[in-house]
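S.K.: I'd like to go over a predicted model; first the sequence, then the structure.
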Amino acid sequence: MPIRSQLIRASFGSILFLFSPTYGAPFDQPPEWSRDAIWYQIFVERFENGDSKNDPRPIDMEGSYPGFVPAGWKITPWGHDWYEQESWARKTDGDFHKIVAARRYGGDLQGVLNKLDYLQDLGITAIYFNPLNDAPSLHKYDARNYRHIDRNFGPDPIGDHTIINKENPLNPETWSWTSADRLFLKLINEIHRRKMRVIIDVSWNHTGNTFWAWKDVVKNQKNSRFRDWYDISSFDDPKTPENEFQFEGWLGVKTLPELKKVNVSGKRRGHVFEGDLQPEVKEHIFNVTRRWMDPNNDGDPSDGVDGFRLDVASHVPLGFWRDYRKFVREINPGALLLGEAWWTKWPDTLMDPRPFLRGDTFDSVMHYQWYKPARQLFAKAGGGIKPSEFIAKIKRVYAGYSPAQSQSLMNLVASHDSPRLSTSFLNKQKYKFQMGARGNKQLKLGPPDKTTTSEIRMMLLHQFTYLSAPHIWNGDELGMWGADDPDCRKPLLWGNIDHSPQIFAPDGSRSKAIAVSPNQEQFSYQKKLILLRRKRLEWTRGSARFLHSNDEALTLAYLREIDQHRSLVAFNFSNKARTLSLDNQSVSSFELLVASRPEALLAGTIEARTLRLKLAPLSGVALHLN
């Protein structure tokens, strides 16, 4: 396929970088742009309601959890106290965490368009959307169809429904562009115009129970045209009163029926395995992929998405992923494939993502493997670890990766599937363990205290100065807090909205009101870190070398370096001021770039090739070295 040869040059600070939506990369390498990315993840339903006329209706939600739409249901006001149940919810049987799944706030693509200037000002270079495909749930992992944007994300849900129903889902020649589709294409163009990239989340492992092919299977059973699309063990026998219909749902969830895998071998939960998807399913997925990568089908993918985030990737066979990479890279040699490779055994063992990063399947993964030891050090969580232990763990995490691979990994501190950064640091148990408010009444559900805030700011300093592409879960830059799903999916704290104080708890009890508003100090700090990362070539492309660790003093320092560009990053994790002595350093002078707190650097001297830094308690600094 042809690619655009003209590159758009754009300057930001002291770095000159290249931007072209279709700038290619070698087949086995990640695209260049992913190595410099500042990621921002958007969960559209909770991002901003830019068009109240398209808000979800009960009919749009049919088929989603909890399996019914409560009587009297209405859209929830954006600034509603999260744990306060609406009048319709109070009249419905079930606890908060069940009924809250029926809550909708009306976030949509117009809301994203309204905030693109905000994201550009923040310094974001790449947007990762949670699923946009048409689906009844708030999260959209239960696809009603893959080929269209969710009807409630666009301006005309009723008209879009009519368009969709006129199509033959199997025949791409009959697929039209709905109003939501067209708005998304406009959004892609506006994102690219701002020299940002965009990838979308897709799940090729399962559909929802309202997916058109699945509905035909449920209706026609063994006579269905699509009986071979799904992993079905037995069909219903109409001659008996029982329902013998049995099938595989993702992790046993029957509202998410699994697409059929074929030629499977070596399948174990939490590990990669060989095989493929059923041929007709695969063809449909490829047709949908082409649609979003090259919307006008002219051979120039600059009007399409820049890649995909691949949900529950270890549940899909490697044979499919190999073919998928070939297909995607033929359309756009500069596209990114980023997989989810999370647990081998929850909550103790994370997957080794290396089988996905051999150049024949994915370019990158959501790098939980970095966050787990980093949280142990910076939050003193999960039992805590010493600086030397952290170095050993991080070296194992990055062992065997090329520089391009290390730089392209997505380093995230929170997401739609985990507690927000503030809550993850405020509660010190092991990663993801008992982090849901439903199962842990002792969980701290408010804003971070002073000590936790210091730890968070140190963590962010590390995230933006170390290897790999930093990621922001929408709202973390505004200081939001929230436990594991669903509490991490609260609507964003925009300054133009009057947000009710937090008074209610999940069990309905009340406590002293906690003000809920954007944290401008957090926003300014994160914006400064982003600006510096985009300026500092050594932070994106340089080597990383640990120079110092002291387990007794609880101090750590590492060097980022490329050519003549050098930065030193140093931390004091203790509750006392500490002095770090770095010997044999070729440093004539230094300049403070950023500190995690005011007056973090108490003193700094250079004597006979020894650099001495005195750091305040619970603080970190990044220094430019001359």
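M.R.: Cool, got the structure.

S.K.: wait, a helix at S549?
M.R.: No: according to DSSP: H, G, I helix; E, B strand; the rest coil, S549 belongs to no helix; its state is strand.

S.K.: quick check: it touching F571?
M.R.: No: between S549 and F571 there is no contact, the gap being 9.8 Å when judged by C-beta atoms under 8 Å. In this view, the C-beta of every residue, glycine as well, is placed from N, C-alpha and C.

S.K.: which of the two has more neighbours?
M.R.: Per other C-beta atoms under 10 Å, whichever of S549 and F571 has more neighbours is F571, with 28 against 20.

S.K.: who's in contact with G495?
M.R.: Contacts were defined as C-beta atoms under 8 Å, 6 or more residues apart in numbering; by that measure G495 touches 517-518.

S.K.: list phi and psi for it.
M.R.: The phi and psi values for G495, taken as degrees, to the nearest 10, are phi -70, psi -20.

S.K.: any idea how far it is from R193?
M.R.: Taking C-beta to C-beta, to the nearest Å as the measure, G495 and R193 are separated by 25 Å.

S.K.: now do R57
M.R.: As it turns out, when the distance is counted by C-beta to C-beta, R57 lies 33 Å from R193.

S.K.: which residue of those two possesses the greater neighbour count?
M.R.: A side-by-side neighbour count of R57 and R193, using other C-beta under 10 Å, places R57 first with 15 against 10.

S.K.: I'd like to know how many residues surround the nearest residue in space to the more buried one that is not next to it in sequence.
M.R.: The shortest distance from R57 to any non-neighbouring residue, by C-beta to C-beta, 6 or more residues apart in numbering, is to P157 (7.6 Å). Counted with other C-beta under 10 Å, the neighbours of P157 add up to 24.

S.K.: give me every residue that touches P157.
M.R.: For P157, the set of contacting residues under the criterion of C-beta under 8 Å, 6+ apart consists of 54, 57, 60, 151, 180.

S.K.: name the residues contacting each of S549 and F571.
M.R.: With C-beta under 8 Å, 6+ apart, S549 and F571 have common neighbours 555-557.

S.K.: most neighbours out of these, which is it?
M.R.: Neighbour counts for the shared contacts of S549 and F571 (other C-beta under 10 Å) peak at L556, which has 27 neighbours.

S.K.: bridging residues for that residue?
M.R.: According to DSSP bridges, the partner residues bridging L556 are S549, F571.

S.K.: so who does it touch?
M.R.: L556 sits next to 377, 387, 390-391, 546, 548-550, 570-571, 573 when contact means C-beta under 8 Å, 6+ apart.

S.K.: which of the residues you listed sits closest to A505?
M.R.: Sorting the contacts of L556 by distance to A505 puts L377 at the head of the list, at 31.2 Å, by C-beta to C-beta.

S.K.: now the closest one: which helix or strand?
M.R.: With the criterion set as DSSP states H and E, the secondary-structure element containing L377 is helix 368-378.

S.K.: show me the protein divided up by domain.
M.R.: If you go by automatic domain parsing, the domain ranges for the chain are 1-29+36-56+124-186+196-205+272-366, 212-258, 542-625.

S.K.: pick the most buried one from the ones you listed.
M.R.: Compared across these, domain 1-29+36-56+124-186+196-205+272-366 shows the largest average neighbour count, a mean of 20 (mean count of other C-beta atoms under 10 Å).

S.K.: average pLDDT across that one?
M.R.: When pLDDT is averaged along domain 1-29+36-56+124-186+196-205+272-366, the result is 92.

S.K.: just stretch 519-526 next, same as before
M.R.: When pLDDT is averaged over stretch 519-526, the result is 98.

S.K.: centre of the chain versus it, how much separation?
M.R.: Mean C-alpha position of stretch 519-526 versus that of the full chain (C-alpha atoms, centre = their mean, to the nearest Å) differs by 20 Å.

S.K.: next one: stretch 509-519
M.R.: With C-alpha atoms, centre = their mean as the basis, the mean position of stretch 509-519 lies at 26 Å from the chain mean.

S.K.: start to end distance for stretch 140-151?
M.R.: Criterion C-alpha to C-alpha, to the nearest Å; first-to-last residue distance in stretch 140-151 is 11 Å.

S.K.: my bad, stretch 480-491
M.R.: Stretch 480-491 stretches 10 Å from its first residue to its last (C-alpha to C-alpha).

S.K.: which residues does that stretch contact?
M.R.: 43, 46-47, 78, 82, 97, 100-101, 105, 107, 138-139, 414-420, 422-423, 426, 432, 435-437, 443, 445-448, 473, 475, 492-493.

S.K.: so which of the residues you listed sit within helices?
M.R.: Applying DSSP state H to the contacts of stretch 480-491, the entries found in helices are 97, 422-423, 426.

S.K.: please check those and keep the buried ones.
M.R.: Among the ones in helices among the contacts of stretch 480-491, the ones that count as buried by 16 or more other C-beta atoms under 10 Å are 97, 422-423, 426.
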